[in-house]
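[1] model this:
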Amino acid sequence: MQAKTHITTTLALGLPLMSLTNELTLVNVGVLAVGSLLPDIDHPSSYLGKRHKMVSGVTNKAFGHRGITHSLLGFILIGIIVKFIQKQYLTDRIENIVFWLMLGYLFHLLEDSFSQRGVKWLYPFTKSGSSFGGKFAFYKTGQLSEYLVMGFMLCLLLMEVRLFWLGNLNRLLPGVVADMLKTLILKVQDILNSY
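    Numbers count the residues shown, from 1 in each chain. You can find the predicted model right below:
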C-alpha cells in the first residue's frame, strides 16, 4: 500500500475513535498519520525511508522489507522505544500520543494484511506472511484494487470530516459499540500512561 492510501485509510478508521474520547486534535491526527507510515521505514523508497535514509538502510539491510517492522515483535519494540522517548523528552500534556502513534502503526499492519503478500505477524519465528483477504479480498500495491480502497476510504474520510464539522461524528458508531470502544481506548491509555 502506498503512503497516501495508508494515511487516508488510517485517518478514516482513527478519526471516529479520537472523537469518541474527545482527543480529535491536530497533534493527534498528525501522530496517527506518522504511525501509519512508520512500519515502512524498512523500505528505502518509502515516504519515511527517503527522509531517514540511514535508519531505513540499516533496517532494510538487517531485516528486509516487511521484516521486523511488520510484526508483533516490531510493534512492541517500537512501542517501548517511543514510550521511553515520551517519558524522557515530552511533556505529560500530550500523554496519549504514544497510543495514537501505535494505533496508526497497528492500522498499517492490518491494512498490509489485506495485501497479496500479507504480513509476517510472528516474524522472526516464522518467515511466511498471512493475508486476511483470502483469495478475493486483497489488493496489489499500485494497482486498481489499491486505488479502489483509496477511493472508498477517501469518501469515508470526507463524510467523517463533514460529520465532525456538523458536530455529529460521534453518531457514526452505534451507541453500544461506541461505548465499548471508548472504554477500551481509555483503559489502554491508562495502562500506557501508568508506565
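
[2] only C-alpha atoms from now on, for both contacts and neighbour counts.
    OK.

[3] next, give phi and psi for the most centrally placed residue in the chain.
    The structure's the chain has its C-alpha centroid closest to residue 104; by CA atoms, centre = their mean the separation is 2.1 Å. Recorded main-chain torsions at residue 104 are phi -60, psi -40, according to degrees, to the nearest 10.

[4] I'd say it and residue 10 touch.
    Yes - look at residue 104 against residue 10 with CA atoms under 8 Å: they come within range, at 6.2 Å.

[5] pLDDT weak spots in this protein?
    Along the chain, the parts satisfying pLDDT under 70 run over 91-93, 133-137.

[6] biggest helix in it by residues?
    With DSSP state H setting the assignment, residue counts place helix 144-165 as the longest helix in the chain.

[7] quick one: buried residues of whatever helix or strand comes next after that one?
    Going down the chain from helix 144-165, the next helix or strand is helix 175-193, by DSSP states H and E. Using 16 or more other CA atoms under 10 Å as the test for burial, helix 175-193 gives 178, 181-182, 185, 189, 192.

[8] shared neighbours, residue 104 and residue 10?
    Residues touching both residue 104 and residue 10 (CA atoms under 8 Å, 6 or more residues apart in numbering): 32-33, 36.

[9] now the residue of the chain positioned farthest from its centre: how far from residue 160?
    Residue distances from the centre of the chain (CA atoms, centre = their mean) peak at residue 166, which lies 26.1 Å from the mean C-alpha position. The spacing between residue 166 and residue 160, counted by CA to CA, to the nearest Å, is 10 Å.

[10] distance from the longest helix of the chain to the middle of the chain?
    Centroid separation for helix 144-165 versus its chain: 16 Å, with CA atoms, centre = their mean, to the nearest Å.

[11] ditto for stretch 62-76
    Relative to its parent chain, stretch 62-76 has a centroid offset of 14 Å by CA atoms, centre = their mean.

[12] same question for stretch 30-38.
    Mean C-alpha position of stretch 30-38 versus that of the full chain (CA atoms, centre = their mean) differs by 6 Å.

[13] how near is the closest residue in space to residue 2 that isn't next to it in sequence to residue 132?
    Spatial nearest neighbour of residue 2, chain neighbours left out: residue 141 (6.6 Å); criterion: CA to CA, 6 or more residues apart in numbering. If you measure residue 141 against residue 132 using CA to CA, the figure is 16 Å.

[14] just give me the neighbour total for the residue nearest to residue 2.
    Residue 141 sits with 16 neighbouring residues when counted by other CA atoms under 10 Å.

[15] about what we covered before: which of the shared contacts of residue 104 and residue 10 fall within helices?
    Among the shared contacts of residue 104 and residue 10, DSSP H puts 32-33, 36 in helices.
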